[in-house]
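Asker: Sequence first, predicted model second:
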Amino acid sequence: MTLNLFEDEDAPPPYAAPEPLAPGAVLLRGFALDGAQALMQSVQQIIMAAPLRHLVVPGGHTMSVAMSNCGALGWTSDRSGYRYTPTDPLSGRPWPAMPDGFKRLTARAAAAAGFDGFRPDACLINRYEPGARLSLHQDRDEGDLSAPIVSVSLGLPAVFLFGSARRSDRPVRYRLLHGDVAVWGGPSRLAYHGVAPMADGEHAGLGRQRINLTFRCAGHDSRRRADAQG
Ligand code: SIN
Ligand code: FE2
């Protein structure tokens with residue numbers, strides 16, 4: 001048993017010490033475990049309003065990961081390119097609002113990783129079924145590259161590949177479990193990353209799937225944005 005040194009009711013739950021991945025990038029194992037049930041319920045509601053869909057990338061390939069979004073902006077792709085949009089192209093309506101619980105959790109995670117004042121305006125929801133994968137890529141469609149990416153994993157485990165800003169550097173493999181949070185920003189903001197083909201399995205709460213939430217500052221009017229680059 002450990003003593004509770006913090007009287008503050010808002011103090012984060014205990015979790016393992018941040019595990020460094022690279023300068024500006026850490027893994028917060030189990031950071032989202034306490035709130036995972038509530039996160040999953042919110043995801044259910046979001047995907048009822050904005051269903052998961054397999055997007056087509058500009059090359060014509062259909063992604064094996066199914067996606068949706070919540071927040072002021074959502075990431076989408078079609079044959080003409082990748083972009084953030086304020087509305088869901090399927091319905092023409094705004095993306096579902098980002099729940100306050102998502103904002104609080106990710107601000108705490110970003111702070112634990114050394115990034116204060118994180119206020120995401122976009123949350124990409126990725127759903128992986130067995131066999132789904134995400135090839136190595138950089139997240140660089142966001143308007144505010146001074147803010148980190150905060151990534152929350154739920155459900156089945158995945159092998160996360162994390163490299164550097166150079167595509168030719170061989171990525172390191174990390175097993176991400178239900179409740180793990182990864183944060184990358186600063187010198188690692190443009191690191192290449194991806195997810196290896198998902199193994200089959202059954203998760204007690206989520207069944208045969210993994211849900212990943214990535215939080216981004218996608219708009220140009222973010223509080224953290226320091227320059228006027230368009
Ligand atoms: C992403 O790169 O958007 C998702 C990463 C993950 O699923 O862990
Ligand atoms: Fe990404």
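Answerer: Thanks, I have it. Ligands and ions are numbered 1, 2, ... in the order given.
Asker: C-alpha only now, for contacts and for neighbours.
Answerer: Will do.
Asker: Which residue does the chain have closest to ligand 1?
Answerer: The nearest approach of the chain to ligand 1 comes at Asn212, 4.9 Å away (CA to the nearest ligand atom).
Asker: I'd assumed Leu154 was in contact with that residue.
Answerer: Yes: with contact taken as CA atoms under 8 Å, Asn212 and Leu154 are classed as touching, separated by 6.1 Å.
Asker: With neighbour numbers in mind, choose between the two.
Answerer: Leu154 (27 against 23; other CA atoms under 10 Å).
Asker: Helix or strand for the more buried one, just tell me which one.
Answerer: Using DSSP states H and E, Leu154 falls within strand 149-155.
Asker: CA atoms only: put that strand into PDB for me.
Answerer: Extracted C-alpha coordinates of strand 149-155, given in PDB (Å, rounded to 0.1, in the frame of the first residue of the first chain):
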ATOM      1  CA  ILE A 149      -0.700  14.600 -30.200                       C
ATOM      2  CA  VAL A 150      -2.300  12.700 -27.300                       C
ATOM      3  CA  SER A 151      -3.300   9.100 -28.200                       C
ATOM      4  CA  VAL A 152      -5.500   6.900 -26.000                       C
ATOM      5  CA  SER A 153      -5.800   3.200 -26.500                       C
ATOM      6  CA  LEU A 154      -8.900   1.100 -25.600                       C
ATOM      7  CA  GLY A 155      -9.700  -2.600 -26.100                       C
END
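Asker: Any buried residues in that strand, and which?
Answerer: Across strand 149-155, burial judged by 16 or more other CA atoms under 10 Å covers 149-155.
Asker: As a check, name the ranges of all strands in the chain.
Answerer: Assigned by DSSP state E, the chain shows strands spanning 19-22, 25-28, 66-70, 74-78, 81-85, 122-128, 134-137, 149-155, 158-162, 172-176, 181-184, 193-195, 210-216.
Asker: Ser42 and Pro99 touch, don't they?
Answerer: Yes: with contact defined as CA under 8 Å, Ser42 counts as touching Pro99 (7.3 Å).
Asker: partner residues bridging Val26?
Answerer: Pro20, Val183 (DSSP bridges).
Asker: Report the contact partners of it.
Answerer: Val26 makes contacts with 18-20, 113, 182-184, as judged by CA atoms under 8 Å, 6 or more residues apart in numbering.
Asker: redo that, cut-off 10 Å
Answerer: 17-20, 109-110, 112-114, 150, 181-185, 188 (CA atoms under 10 Å, 6 or more residues apart in numbering).
Asker: Got phi/psi on the closest residue to Arg79 other than its chain neighbours?
Answerer: Distances taken as CA to CA, 6 or more residues apart in numbering place Pro58 nearest to Arg79, at 4.0 Å, with adjacent residues excluded. Pro58 adopts backbone torsions of phi -50, psi -30, taken as degrees, to the nearest 10.
Asker: Tell me, how many residues neighbour Pro58?
Answerer: Burial measure for Pro58: 13 neighbouring residues, criterion other CA under 10 Å.
Asker: Which pLDDT does the model give it?
Answerer: Turning to Pro58, the model gives it a pLDDT of 94.
Asker: pretty sure it contacts Ser77?
Answerer: Yes: applying CA atoms under 10 Å, one finds Pro58 in contact with Ser77, separated by 7.3 Å.
Asker: And the residue nearest to Ala36 when sequence neighbours are not counted, how far from Ser80?
Answerer: Once flanking residues are discounted, Ala36 sits nearest to Gly179: 6.4 Å by CA to CA, 6+ apart. Between Gly179 and Ser80 the distance, using CA to CA, to the nearest Å, works out to 35 Å.
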